[in-house]
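Undergrad: Okay, structure incoming, though there's no sequence with it:
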(Lines give C-alpha, C1' and ligand atoms only; values in the text may rest on other atoms or scores of the structure.)
Protein backbone atom coordinates (compact mmCIF):
# COMPACT_ATOMS: atom_id res chain seq x y z
CA UNK A 1 0.00 0.00 0.00
CA UNK A 2 2.72 2.46 0.85
CA UNK A 3 4.52 1.40 -2.29
CA UNK A 4 1.47 2.15 -4.44
CA UNK A 5 0.98 5.48 -2.67
CA UNK A 6 4.54 6.58 -3.39
CA UNK A 7 4.31 5.31 -6.96
CA UNK A 8 1.10 7.25 -7.61
CA UNK A 9 2.56 10.26 -5.82
CA UNK A 10 5.69 10.05 -8.00
CA UNK A 11 3.65 9.81 -11.19
CA UNK A 12 1.45 12.76 -10.15
CA UNK A 13 4.53 14.75 -9.19
CA UNK A 14 6.20 13.98 -12.54
CA UNK A 15 3.07 14.96 -14.46
CA UNK A 16 2.74 18.18 -12.48
CA UNK A 17 6.39 19.04 -13.11
CA UNK A 18 5.97 18.43 -16.85
CA UNK A 19 2.93 20.70 -16.89
CA UNK A 20 4.86 23.38 -15.00
CA UNK A 21 7.78 22.98 -17.41
CA UNK A 22 5.49 23.33 -20.44
CA UNK A 23 3.84 26.38 -18.94
CA UNK A 24 7.22 27.92 -18.10
CA UNK A 25 8.42 27.28 -21.63
CA UNK A 26 5.25 28.81 -23.04
CA UNK A 27 5.58 31.79 -20.69
CA UNK A 28 9.26 32.19 -21.63
CA UNK A 29 8.44 32.14 -25.38
CA UNK A 30 5.63 34.61 -24.88
CA UNK A 31 7.87 36.88 -22.79
CA UNK A 32 10.58 36.82 -25.48
CA UNK A 33 8.01 37.96 -28.03
CA UNK A 34 6.73 40.68 -25.67
CA UNK A 35 10.31 41.90 -25.21
CA UNK A 36 10.75 42.07 -28.98
CA UNK A 37 7.52 44.06 -29.27
CA UNK A 38 8.71 46.39 -26.52
CA UNK A 39 12.04 46.87 -28.30
CA UNK A 40 10.32 47.75 -31.55
CA UNK A 41 8.00 50.19 -29.75
CA UNK A 42 11.03 51.88 -28.17
CA UNK A 43 12.64 52.22 -31.60
CA UNK A 44 9.43 53.75 -32.95
CA UNK A 45 9.43 56.25 -30.06
CA UNK A 46 13.05 57.21 -30.81
CA UNK A 47 12.24 57.72 -34.49
CA UNK A 48 9.17 59.79 -33.61
CA UNK A 49 11.28 61.83 -31.18
CA UNK A 50 13.82 62.54 -33.93
CA UNK A 51 11.00 63.47 -36.29
CA UNK A 52 9.65 65.83 -33.64
CA UNK A 53 13.08 67.38 -33.19
CA UNK A 54 13.30 68.04 -36.92
CA UNK A 55 9.90 69.73 -36.94
CA UNK A 56 10.80 71.74 -33.81
CA UNK A 57 14.06 72.92 -35.42
CA UNK A 58 12.05 74.06 -38.44
CA UNK A 59 9.71 75.94 -36.10
CA UNK A 60 12.71 77.65 -34.43
CA UNK A 61 14.17 78.53 -37.84
CA UNK A 62 10.91 80.21 -38.86
CA UNK A 63 9.82 77.66 -41.45
CA UNK A 64 6.01 77.75 -41.83
CA UNK A 65 4.35 74.67 -40.32
CA UNK A 66 0.86 73.30 -40.34
CA UNK A 67 -1.42 74.66 -37.63
CA UNK A 68 -1.28 71.53 -35.45
CA UNK A 69 2.50 71.27 -35.70
CA UNK A 70 2.89 74.94 -34.82
CA UNK A 71 0.64 74.59 -31.76
CA UNK A 72 2.59 71.58 -30.54
CA UNK A 73 5.88 73.45 -30.99
CA UNK A 74 4.47 76.39 -29.04
CA UNK A 75 3.52 74.00 -26.23
CA UNK A 76 7.06 72.62 -26.24
CA UNK A 77 8.41 76.18 -26.08
CA UNK A 78 6.18 77.00 -23.08
CA UNK A 79 7.25 73.84 -21.26
CA UNK A 80 10.92 74.54 -21.96
CA UNK A 81 10.48 78.02 -20.47
CA UNK A 82 8.91 76.46 -17.37
CA UNK A 83 11.81 74.02 -17.09
CA UNK A 84 14.21 76.96 -17.28
CA UNK A 85 12.30 78.73 -14.50
CA UNK A 86 12.35 75.58 -12.36
CA UNK A 87 16.10 75.16 -12.91
CA UNK A 88 16.67 78.76 -11.89
CA UNK A 89 14.55 78.22 -8.78
CA UNK A 90 16.57 75.12 -7.89
CA UNK A 91 19.80 77.03 -8.47
CA UNK A 92 18.51 79.85 -6.24
CA UNK A 93 17.80 77.38 -3.47
CA UNK A 94 21.33 75.99 -3.82
CA UNK A 95 22.74 79.54 -4.12
CA UNK A 96 23.88 78.80 -7.67
CA UNK A 97 22.85 79.95 -11.14
CA UNK A 98 22.02 78.35 -14.47
CA UNK A 99 24.13 78.87 -17.61
CA UNK A 100 21.91 80.60 -20.18
CA UNK A 101 23.59 78.72 -23.03
CA UNK A 102 23.84 75.07 -21.96
CA UNK A 103 21.59 74.96 -18.87
CA UNK A 104 24.24 73.55 -16.51
CA UNK A 105 24.12 74.71 -12.86
CA UNK A 106 27.24 76.70 -11.94
CA UNK A 107 28.48 78.45 -8.80
CA UNK A 108 26.92 81.86 -8.17
CA UNK A 109 30.26 83.71 -8.36
CA UNK A 110 31.31 82.30 -11.74
CA UNK A 111 31.36 84.77 -14.61
CA UNK A 112 31.68 82.07 -17.30
CA UNK A 113 30.34 78.54 -17.62
CA UNK A 114 33.07 75.92 -17.14
CA UNK A 115 31.18 73.57 -19.46
CA UNK A 116 30.52 75.72 -22.55
CA UNK A 117 32.36 78.99 -21.81
CA UNK A 118 29.31 81.25 -22.15
CA UNK A 119 28.97 84.36 -19.97
CA UNK A 120 26.89 83.55 -16.87
CA UNK A 121 25.37 86.74 -15.54
CA UNK A 122 22.47 86.90 -13.13
CA UNK A 123 19.35 88.93 -13.83
CA UNK A 124 20.43 91.42 -11.16
CA UNK A 125 23.82 91.87 -12.86
CA UNK A 126 22.12 92.38 -16.23
CA UNK A 127 19.70 94.93 -14.75
CA UNK A 128 22.56 96.78 -13.05
CA UNK A 129 24.54 96.79 -16.29
CA UNK A 130 21.50 98.12 -18.13
CA UNK A 131 21.04 100.98 -15.65
CA UNK A 132 24.73 101.86 -15.81
CA UNK A 133 24.62 101.96 -19.61
CA UNK A 134 21.45 104.05 -19.46
CA UNK A 135 23.05 106.49 -16.99
CA UNK A 136 26.20 106.81 -19.06
CA UNK A 137 24.32 107.33 -22.31
CA UNK A 138 22.09 109.94 -20.64
CA UNK A 139 25.11 112.03 -19.59
CA UNK A 140 26.82 114.30 -22.07
CA UNK A 141 30.31 113.26 -23.00
CA UNK A 142 33.06 115.20 -21.27
CA UNK A 143 35.18 117.34 -23.58
CA UNK A 144 38.60 115.89 -24.17
CA UNK A 145 41.51 118.27 -23.93
CA UNK A 146 43.62 118.10 -27.04
CA UNK A 147 47.33 118.04 -26.56
CA UNK A 148 49.25 120.53 -28.58
CA UNK A 149 52.19 119.06 -30.42
CA UNK A 150 55.46 119.92 -28.88
CA UNK A 151 57.96 121.74 -31.03
CA UNK A 152 60.80 120.33 -29.05
CA UNK A 153 61.72 116.78 -29.94
CA UNK A 154 64.11 114.88 -27.81
CA UNK A 155 67.33 114.23 -29.64
CA UNK A 156 68.06 110.58 -30.25
CA UNK A 157 71.65 109.63 -29.82
CA UNK A 158 73.33 108.36 -32.94
CA UNK A 159 74.96 105.61 -30.92
CA UNK A 160 71.55 104.12 -30.11
CA UNK A 161 70.52 104.09 -33.78
CA UNK A 162 73.74 102.47 -34.90
CA UNK A 163 73.48 99.79 -32.16
CA UNK A 164 69.93 98.92 -33.25
CA UNK A 165 70.91 98.59 -36.91
CA UNK A 166 73.87 96.35 -35.98
CA UNK A 167 71.63 94.00 -33.93
CA UNK A 168 69.16 93.78 -36.82
CA UNK A 169 71.95 92.90 -39.27
CA UNK A 170 73.27 90.24 -36.87
CA UNK A 171 69.77 88.74 -36.60
CA UNK A 172 69.36 88.62 -40.40
CA UNK A 173 72.75 86.98 -40.80
CA UNK A 174 71.84 84.33 -38.23
CA UNK A 175 68.57 83.59 -40.04
CA UNK A 176 70.42 83.17 -43.35
CA UNK A 177 72.80 80.66 -41.79
CA UNK A 178 69.87 78.64 -40.34
CA UNK A 179 68.10 78.42 -43.68
CA UNK A 180 71.29 77.27 -45.49
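TA: Arrived safely. These figures come from a predicted structure and were not determined experimentally. Residues are numbered from 1 along each chain as shown.
Undergrad: so what secondary structure elements neighbour the longest helix along the chain?
TA: If you go by DSSP state H, the chain has its longest helix at helix 2-60. Judged by 3 or more C-beta pairs under 8 Å, 6 or more residues apart in numbering; DSSP states H and E, the packing partners of helix 2-60 are helix 67-93. C-beta here means a position set from N, CA and C on the backbone, and glycine is covered the same way.
Undergrad: what angle sits between the helix it packs on and helix 2-60?
TA: Using axes from the mean of the first three to the mean of the last three C-alpha atoms, to 10 degrees, the direction of helix 67-93 lies 100 degrees away from that of helix 2-60.
Undergrad: What average pLDDT does the longest helix of the chain get?
TA: Averaged over helix 2-60, pLDDT sits at 89.
Undergrad: again with stretch 100-118
TA: On average, stretch 100-118 scores 87.
Undergrad: Check which residues of it are buried.
TA: By 16 or more other C-beta atoms under 10 Å, the buried positions in stretch 100-118 come out as 104, 106, 113.
Undergrad: The last one against residue 120, yeah?
TA: Yes - using C-beta atoms under 8 Å, residue 113 and residue 120 qualify as a contacting pair, with a distance of 5.2 Å.
Undergrad: what do these two both touch?
TA: 99, 106 (C-beta atoms under 8 Å, 6 or more residues apart in numbering).
Undergrad: So residue 63: helix, strand or coil?
TA: Three-state call for residue 63 (DSSP: H, G, I helix; E, B strand; the rest coil): coil.
Undergrad: gap between it and residue 74?
TA: For residue 63, the distance to residue 74 (C-beta to C-beta, to the nearest Å) stands at 14 Å.
Undergrad: for residue 107, same thing?
TA: 34 Å.
Undergrad: same question, residue 21
TA: From residue 21 to residue 74 the distance is 57 Å (C-beta to C-beta).
Undergrad: Also residue 7?
TA: Residue 7 is 77 Å from residue 74, by C-beta to C-beta.
Undergrad: go on, residue 20?
TA: In terms of C-beta to C-beta, residue 20 sits 56 Å off from residue 74.
Undergrad: again, but for residue 103
TA: Counting by C-beta to C-beta, the separation of residue 103 from residue 74 is 20 Å.
Undergrad: For residue 78, give me the pLDDT.
TA: Residue 78 is assigned 92 on the pLDDT scale.
Undergrad: do the one 5 residues further on as well
TA: We note a pLDDT of 88 for residue 83 in this prediction.
Undergrad: How many neighbouring residues does it have?
TA: Other residues near residue 83 number 11, with proximity taken as other C-beta atoms under 10 Å.
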